[in-house]
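Enquirer: Sequence and predicted structure, then a few things I'm wondering about:
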Amino acid sequence: MSDKNKTHYEVIVIGAGVAGIYQIKLLADLGVDATVLDAAGDLGGTWYWNRYPGARFDSESYTYGFSFSKELLNEWHWKERFSGQPENLKYLNYVTDKFDLRKYMQFNCKVESMTWDDASDNWRLKVADGRELTARFVVMAVGLLSIPTLPRYKGLEKFKGKSFHTFHWPHEPVDLAGKKVAVVGTGATGIQVIADIADKVADLTVFQRRPNWSAPLNNGPISDAEMADIRARYDEIFATCSRTPGGFEHEPDRRGFYEISREERVALWDRLYDMPGFAIWLRNFREIFTDEKANAEFSEYIADRIRKRVKDPVVAEKLIPRDHGFGVQRVPMETRYFEVYNRDNAHLVDISETPIVEITETGIRTSERDYDFDIIVYATGFDAITGAYDNIDIRGVDGLKLRDKWADGPSTFLGVFAHGFPNFLMPSGPQSGSASTNYPRGIEIGVGWCTRLLKYMWAHGYTRAEPTIEAEHRWTEHVKKMYSTMLMRKAKSWFTGYNSNIDGHEHGKTRYFVYNGGTPKYVSQIKDVADSDYKGIVFGSRLSDRERGPEGARFGEDAAD
């Protein structure tokens, strides 16, 4: 275990999820003095916290795991095509223990503040347990969806039964049998929960503000023979992921939407609807992301599939989105979700028609009536991407608050750096490739690039790195420009920073969070920066030549990798 009496590190990594595990693995391999701090009681990040029923991958399991170790790939057997939370957490613990990484990790260590010390080129961190730590570099491995948001309903604290956000689903089993349960929210998480618990509760009421497009996950077991085949094809699988826009196995259909007949388009959609995972989204025609007419035609196809699955036509129409087209927002994948509404014990309340007025001691009051419940589940989303940064008081050069710098939206260089915040690395930061890709594939790219930068600095004796304001401005404008061709630019989605429960994140105040150029283009851009000796980044050193020598010698060979 890490020594809690130690106060200085070369690198502090914040977050022990997928990104933090990979980052500390690379630092440990280099022999760097580093530690990982996490507010949770153990490792896992997303897969530690989100223990709600139905929580699972929507990436194919074998494309989600780490690719850096052939031995690991050959040892681990994914049991399902889309693995569930317990198995995912087991996997991350297996990786951590296999490479003896737990000794670098400190848990129940919430970082409250970070302040840049210009005199020493160090970050000064305050931890909730009262300790003050310093580090030359801080790597933010805080995840994209790690700060849950509750709705702003009156009386949340009044309810006498059990209530919780899905992110904080209790670690101990929740007895659902015989209970009257409410689920507020029908985003990706809500859809998973609702489909999983409908047959386990006495009565289920779903409070929906805006429906989301959704399509079948088509999950299934992976046999020993199938896993052996996957292991034999891992190089091919990861090569495919590296060339696709989203880092998945799914490659877009290169035919033009209007070059083939309507009958051929429907035949393709019928095939994709029955395929696993994001095939229906990412193996589709590219025009559905950019062309209003093409998107409308495909959205109506999905609407018809929903109508065929829901017996009550009135309910079916309430489950079909009217404010956005399919694929314009993050697409939730489902397992018999729409069939839930064919059950006698399941009820849909459209709160766009009868709004929630308040939470009462016994349940939920809408403008129409009172509902009594034993359990209320809030599937109401997250303060996406920048929320985890805003949750820490981060102050850079001259006391500049990162929260203030990003008040109207993030501005970064490559999504991994911010002007005014030296030695502050974000391998999955806003405007990086990780925010819009199969997360671990993006993580290996981002963490790898950040580690290469650190090796370059150690080899050259630099103690400080920061992007120029001009480089940051160019990148941010580049990111904004790529939104201009995408239908998502209009969406009420975390892709655009929308969250009605957070001031300043209302619809119309677009926050340019994701890189829409695709994985290959992003990799090309960040590689060009590294290959040009990091054009756009200013380096400095407070080390004497004597101090610089051993460090440069230690990392000199690695820097050329």
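Expert: All right, it came through fine. Residues are numbered from 1 along each chain as shown.
Enquirer: Sort out which residues of stretch 516-532 are buried, please.
Expert: Asn516, Gly517, Gly518, Thr519, Tyr522, Val523, Gln525, Ile526, Val529, Ala530 (16 or more other CB atoms under 10 Å). (C-beta placed from N, C-alpha, C; glycine too.)
Enquirer: What pLDDT is listed against the closest residue to the fifth one other than its chain neighbours?
Expert: In space, not counting the residues next to it along the chain, Tyr522 is nearest to Gly433; the distance is 3.7 Å by CB to CB, 6 or more residues apart in numbering. According to the predicted model, the pLDDT of Gly433 comes to 90.
Enquirer: Gly433 - how many residues pack around it?
Expert: 30 (other CB atoms under 10 Å).
Enquirer: Take the top strand by length along the chain, keep the C-alpha atoms, and write them as PDB.
Expert: Longest strand in the chain, counting residues (DSSP state E): strand 132-140. What follows is strand 132-140, C-alpha atoms only, in PDB (Å, rounded to 0.1, in the frame of the first residue of the first chain):
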ATOM      1  CA  GLU A 132      -1.300  18.200   1.900                       C
ATOM      2  CA  LEU A 133       0.700  16.700  -1.000                       C
ATOM      3  CA  THR A 134       2.900  18.100  -3.700                       C
ATOM      4  CA  ALA A 135       3.600  16.700  -7.200                       C
ATOM      5  CA  ARG A 136       5.500  17.900 -10.200                       C
ATOM      6  CA  PHE A 137       2.700  16.500 -12.500                       C
ATOM      7  CA  VAL A 138      -0.900  15.800 -12.000                       C
ATOM      8  CA  VAL A 139      -2.800  13.400 -14.300                       C
ATOM      9  CA  MET A 140      -6.600  13.700 -14.200                       C
END
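Enquirer: packing partners for it?
Expert: Applying 3 or more CB pairs under 8 Å, 6 or more residues apart in numbering; DSSP states H and E, one finds that strand 132-140 contacts strand 8-14, strand 122-127, strand 424-425.
Enquirer: That strand - what's its average pLDDT?
Expert: 98.
Enquirer: Same check on stretch 23-37?
Expert: For stretch 23-37, the per-residue pLDDT averages 98.
Enquirer: what do you get for stretch 162-175?
Expert: For stretch 162-175, the per-residue pLDDT averages 97.
Enquirer: Check which residues of that stretch are buried.
Expert: Result for stretch 162-175 [16+ other CB under 10 Å]: buried residues Ser163, Phe164, His165, Thr166, Phe167, Trp169, Val174.
Enquirer: what sits against Val510?
Expert: Check again: residue 510 is Thr, not Val. Remark: with contacts taken as CB atoms under 8 Å, 6 or more residues apart in numbering, Thr510 is in contact with Gly409, Tyr483, Arg489, Thr496, Gly497.
Enquirer: Assumed it was part of a strand.
Expert: No. Looking at Thr510 with DSSP: H, G, I helix; E, B strand; the rest coil, it is coil, so not inside a strand.
Enquirer: Give me the distance between it and Pro321.
Expert: Remark: distance between Thr510 and Pro321 (CB to CB, to the nearest Å) = 19 Å.
Enquirer: What of Thr463?
Expert: The value you get for Thr463 to Pro321, if CB to CB is used, is 51 Å.
Enquirer: Who has more neighbours out of these two?
Expert: Shown here are Thr463 and Pro321; by other CB under 10 Å, Thr463 has more neighbours (21 against 18).
Enquirer: and the closest residue to that one other than its chain neighbours, how many residues sit next to it?
Expert: Nearest non-adjacent residue to Thr463, counting by CB to CB, 6+ apart: Asp121, 4.3 Å away. By the measure other CB under 10 Å, the count of residues near Asp121 is 19.
Enquirer: before we move on, what about Val315?
Expert: Using other CB under 10 Å: Val315 sits among 16 other residues.
Enquirer: so what's it up against?
Expert: Tyr341, Leu348.
Enquirer: Checking it next. Helix, strand or coil?
Expert: helix.
Enquirer: could you measure it against Met333, distance?
Expert: Noted for Val315: a distance of 21 Å to Met333, by CB to CB.
Enquirer: host element of the residue most central in space within the chain?
Expert: Nearest to the geometric centre of the chain sits Leu144, at 3.7 Å (CA atoms, centre = their mean). Under the criterion DSSP states H and E, no helix or strand holds Leu144.
Enquirer: Give me the pLDDT for it.
Expert: You'll see Leu144 listed with a pLDDT of 91.
Enquirer: Excluding chain neighbours, what is closest to it?
Expert: Ile385 (5.3 Å).
Enquirer: and Pro430, backbone torsions?
Expert: Dihedral pair for Pro430: phi -60, psi 140, per degrees, to the nearest 10.
Enquirer: so what's it closest to, chain neighbours aside?
Expert: Pro410 (3.8 Å).
Enquirer: so what's the one you found up against?
Expert: Pro410 touches Ile385, Thr386, Ala418, Gly429, Pro430, Gln431, Thr476, Arg511, Tyr512, Phe513, counting by CB under 8 Å, 6+ apart.
Enquirer: Now do the fifth one against Ala279, distance only.
Expert: Read that as Pro430. With CB to CB as the criterion, Pro430 and Ala279 are 28 Å apart.
Enquirer: Give the residue from these two that has the larger number of neighbours.
Expert: Pro430 (28 against 20).
Enquirer: May I have the residues that are in contact with that one?
Expert: Ile385, Thr386, Trp406, Pro410, Thr412, Gly415, Arg511, Tyr512, Phe513, Val514.
Enquirer: Surely Ser242 touches Thr519?
Expert: Yes. Judged on CB atoms under 8 Å, Ser242 makes contact with Thr519 at a distance of 6.6 Å.
Enquirer: Buried ones in stretch 263-271, by neighbour count?
Expert: For stretch 263-271, by 16+ other CB under 10 Å, it's Arg265, Leu268, Trp269.
Enquirer: tell me how far that stretch is from the chain's mean position?
Expert: Chain-centre distance of stretch 263-271: 31 Å, with CA atoms, centre = their mean, to the nearest Å.
Enquirer: Show me the contact partners of it.
Expert: So stretch 263-271 is contacted by Asp253, Phe257, Ile280, Asn284, Phe285, Glu297, Phe298, Tyr301 (CB under 8 Å, 6+ apart).
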